[in-house]
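**Q** Pasted the sequence and its predicted model underneath.
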Amino acid sequence: MVGEESIAKVNTQEEDRFSKITTRDIEKLNTRLQIDLLDNYTTTTSLIQGAIQLIKKKITDYEVQIFVHRSESREYREILSEGIAAIPEDSLFVACLFMHNNFALLDDFYTEYGNNDPLIYQVLKEHYRVHFLYPVIHGCELVAIIFFCHHEEAPGDGPLPPPETLEYIRAIGDRLRVNLYSILMAEKKQQELLQLATYPGRIKNHPTITDIVQQIFNDIRVHIPFDNGIYYGFLEYRDVLTPISFYNLDTVPQYIERGKAVSGFVLAKKKALLIPDRRYNAYFTTVEEEPFLYESCISIPVMTETAFFGVLTLSRRIRSGNEQYSQEHLNALQIVVNFLSLEIDNRKIRDELEKSYFSTICALTNALEAKDAYTHGHSERVMKYAVMTAQELQLMPETVRKIRYAAMMHDIGKIGIKDELIAKTNELTEDESVELREHTDIGFRILEGATIFDDIRDLIKYHHEKMDGSGYYFLKKGEYPWEVMVIRIADIFDSLTTDRPHHPKMEIGRALDFMQHYIGRCFDQRVYDAFCRAIKNA
């Protein structure tokens, strides 16, 4: 009997407890479950859509617009549509809203803070018909603004909705605050990675490795704050690192031995090194070889699977304890270093291939010119004069490279011309002249399979063109590469200053004076002046 009475008592208590659960309790539970769904969204758009749908379930008297902070454009704007408005992050409106940090009627908000930004007010009031708003703040950042807007047929302004409605909005705002901040941070990291992914295209246009590293130093500060940085090249024969490029350093070591200091340690291990705080790392507390390194350091080897090129090291002061480098910084720098390694490797491969091909061409050119005493060494001299002129014109290194190779190979097509025609000392017949002119097209076709020289083939083909259109292909200035003028003036000068079958060599001064007749025909005044300076300074 006692057992049955106990069971009955328990059942009664359970019935009493469940009888106290009201419809309101069920609604609260359902609301909380619905708000919990906001945790499932992984994109800004889906999260904002979900938040707006939740708000509209409870609040049907208003249209809802949510402006989200976009760091890349430094403004707040609608996510679900392009909209017609954007609110600058540095506006007085945003500053006042951050300080207010609560619900506010739009008119009262402007009155209370004396906000003098009429344009934002006009857009919010007249276009969006904003009645009240709520700021979504995470820490020290305003991440979003929720605007509650009248329908077109809605009555004029009134008070804020009742407390229970505001509490519901606040609950959604709290969940939105956490999730939106997380998504925005993830998007920011994705954007940073996308920016880092543009490095291959950005760095390949720099002429030297020093220029590339300087570009990296200038760019990565956005992603990886640092106070100084240095890139060492690896001298394989001496087995040491030597400074190539550095940032914010007055003095640098002459070299770093393997295993010494931070960078030498990376050389020895050939692995990236992260030092959050050297003061608490017994091995790196003192680094006499690199005294300029601050407390927090990242050092990464620049290498591929088959080659070691150097070490890139960054360091940063620790002032308040929150500036330590982390794995996140290391990962970001590793991406950049990977691109740098590939670029250095590609350049070395290209240089070796280019030198090999160029050596072969030079050998063929020298063999060709050896058959004719009058033209022996002609191409090398033309190359020398052309490079001197290009440098006097202060052309880019890549342009100087093109001119150098094209000048050396400008007559390579004569390989396809009969020896007796090339060596002929008498005046050529019309048919012979036509045949000799084919050497420019033959040279163009010889380099057809050498893609590494694609950018100079036109210089070889058109090196006999004239500005007035009276050249081999009758092209006028602007219809053929302008670099041709640099090769043309060098070619003419060497022809005038060496013995030829039809004329003895001229003195340099007389040749320069004579060449003034070609200004406006074979080259312009600027090229002529630069050539004269180059010859006089040689």
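**A** Everything's here; your move. As the structure is a computational prediction, the values presented were derived from the model and not from experiment.
**Q** from here on, contacts and neighbour counts on C-alpha atoms
**A** OK.
**Q** all helices of the stretch 101-250 of the chain, in order?
**A** Counting by DSSP state H, counting those that start in this stretch, the stretch 101-250 of the chain has these helices, from start to end: 106-113, 118-122, 163-197, 199-203, 209-219.
**Q** so which of these gets nearest residue 523?
**A** helix 209-219 (32.2 Å; C-alpha to C-alpha).
**Q** Show me which residues of that closest one are buried.
**A** For helix 209-219, burial by neighbour count (16 or more other C-alpha atoms under 10 Å) applies to 209, 212-214, 216-217.
**Q** Would you format those residues as TSV with distance to residue 66 and pLDDT included?
**A** Output for the buried residues of helix 209-219, formatted as TSV (distance: C-alpha to C-alpha, whole Å; pLDDT from 0 to 100):
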residue	distance to residue 66	pLDDT
209	47	88
212	43	88
213	42	91
214	42	91
216	38	88
217	38	91
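**Q** how about these in JSON lines, adding distance to residue 74?
**A** Listed next are those as JSON lines, based on distance: C-alpha to C-alpha, whole Å:
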{"residue": "209", "distance to residue 74": "34"}
{"residue": "212", "distance to residue 74": "29"}
{"residue": "213", "distance to residue 74": "29"}
{"residue": "214", "distance to residue 74": "27"}
{"residue": "216", "distance to residue 74": "24"}
{"residue": "217", "distance to residue 74": "24"}
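**Q** ok so, going back, can you add distance to residue 226 and give the helices of the stretch 101-250 of the chain back as CSV?
**A** Shown next, in CSV, are the helices of the stretch 101-250 of the chain (distance: least, C-alpha to C-alpha, whole Å):
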stretch, distance to residue 226
helix 106-113, 40
helix 118-122, 38
helix 163-197, 17
helix 199-203, 19
helix 209-219, 9
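**Q** where among those is the average confidence lowest?
**A** Comparing mean pLDDT across the helices of the stretch 101-250 of the chain, the lowest value falls on helix 199-203: a mean of 72.
**Q** same for it, what does it pack against?
**A** Contacts defined by 3 or more C-alpha pairs under 8 Å, 6 or more residues apart in numbering; DSSP states H and E place helix 199-203 against helix 327-370.
**Q** report the angle between the axes of the helix it packs on and helix 163-197?
**A** Helix 327-370 runs at 30 degrees relative to helix 163-197, counting by axes from the mean of the first three to the mean of the last three C-alpha atoms, to 10 degrees.
**Q** packing partners for helix 327-370?
**A** The elements that helix 327-370 packs onto, with contact taken as 3+ C-alpha pairs under 8 Å, 6+ apart, are helix 163-197, helix 199-203, strand 296-303, strand 308-316.
**Q** Give me the buried positions along the longest one.
**A** Translated: helix 163-197. Buried positions in helix 163-197, judged by neighbour count with 16+ other C-alpha under 10 Å: 168-170, 172-181, 183-184, 196.
**Q** For residue 476, state which of those is nearest.
**A** Using C-alpha to C-alpha, residue 196 is the member of those that lies nearest residue 476, at 43.6 Å.
**Q** still on that earlier bit, report the two of the buried residues of helix 209-219 separated the most.
**A** 209 and 217 (12.3 Å).
**Q** For residue 420, give me the pLDDT.
**A** 80.
**Q** Regarding the spatially closest residue to residue 389 that is not a sequence neighbour, which helix or strand does it belong to?
**A** Distance criterion C-alpha to C-alpha, 6 or more residues apart in numbering; nearest residue to residue 389, sequence neighbours excluded, is residue 531 at 5.0 Å. Using DSSP states H and E, residue 531 falls within helix 525-537.
**Q** Check the gap between the closest residue to residue 184 other than its chain neighbours and residue 51 for me.
**A** Excluding the flanking residues, the one nearest residue 184 by C-alpha to C-alpha, 6+ apart is residue 44, at 7.3 Å. The gap separating residue 44 from residue 51 is 11 Å, by C-alpha to C-alpha, to the nearest Å.
**Q** what about those two, which has more around it?
**A** Neighbours were tallied for residue 44 and for residue 51 using other C-alpha atoms under 10 Å; the higher tally belongs to residue 51 (22 against 19).
**Q** Secondary structure of the more buried one: a strand, I assume?
**A** No. Looking at residue 51 with DSSP: H, G, I helix; E, B strand; the rest coil, it is helix, so not inside a strand.
**Q** wait, it sits on residue 171?
**A** No. Using C-alpha atoms under 8 Å, residue 51 makes no contact with residue 171, being 10.7 Å away.
**Q** So which of the helices and strands packed on helix 327-370 is nearest residue 481?
**A** Each of these has some distance to residue 481 by C-alpha to C-alpha; the shortest is helix 199-203, at 24.6 Å.
**Q** contact partners of the closest one?
**A** 212, 215, 336, 339-340, 343 (C-alpha atoms under 8 Å, 6 or more residues apart in numbering).
**Q** Give me the domain ranges for the protein.
**A** Domains of the chain are assigned by automatic domain parsing as 21-192, 202-346, 371-537.
**Q** and residue 360, which of those is closest to it?
**A** Proximity to residue 360 (C-alpha to C-alpha) singles out domain 371-537 among those, at 10.8 Å.
**Q** How far off centre is that closest one?
**A** Domain 371-537 sits 38 Å away from the centroid of its parent chain (C-alpha atoms, centre = their mean, to the nearest Å).
**Q** And stretch 211-228, by the same measure?
**A** In terms of C-alpha atoms, centre = their mean, the centre of stretch 211-228 is found 11 Å from the chain centre.
**Q** go on, stretch 134-142?
**A** How far stretch 134-142 lies from its chain's middle: 32 Å, per C-alpha atoms, centre = their mean.
**Q** how long is it from one end to the other?
**A** For stretch 134-142, the first-to-last residue distance is 11 Å (C-alpha to C-alpha).
**Q** Wait, residue 129 touches residue 122, no?
**A** No. Assessed by C-alpha under 8 Å, residue 129 is found out of contact with residue 122, at 9.4 Å.
**Q** And the two? Which one has more around it.
**A** Using other C-alpha under 10 Å as the criterion, residue 129 and residue 122 rank with residue 129 on top: 22 against 12.
**Q** What distance do you get for the more buried one to residue 143?
**A** Distance from residue 129 to residue 143, by C-alpha to C-alpha: 22 Å.
**Q** Next: residue 414.
**A** Distance, residue 414 to residue 143, using C-alpha to C-alpha: 71 Å.
**Q** Would you mind measuring from residue 250 to residue 508?
**A** Distance from residue 250 to residue 508, by C-alpha to C-alpha: 47 Å.
**Q** Where does pLDDT dip in the stretch 351-500 of the chain?
**A** 371-375 (pLDDT under 70).
**Q** Now do the helices in it.
**A** 378-392, 397-408, 419-422, 430-437, 439-446, 457-461, 484-496.
**Q** any idea how far the closest residue to residue 329 other than its chain neighbours is from residue 529?
**A** Distances taken as C-alpha to C-alpha, 6+ apart place residue 224 nearest to residue 329, at 6.0 Å, with adjacent residues excluded. Look at residue 224 and residue 529: by C-alpha to C-alpha, they are 48 Å apart.
**Q** Give me the neighbour count for residue 283.
**A** Other residues within reach of residue 283, judged by other C-alpha under 10 Å, total 11.
**Q** That one belongs to a strand, doesn't it?
**A** No. Per three-state DSSP, residue 283 lies outside any strand segment and is helix.
**Q** Now do the contacts for the closest residue to residue 230 other than its chain neighbours.
**A** Excluding the flanking residues, the one nearest residue 230 by C-alpha to C-alpha, 6+ apart is residue 246, at 4.1 Å. Taking C-alpha under 8 Å, 6+ apart as the criterion, residue 246 is in contact with 214, 228-231.
**Q** Right, I'll leave it there.
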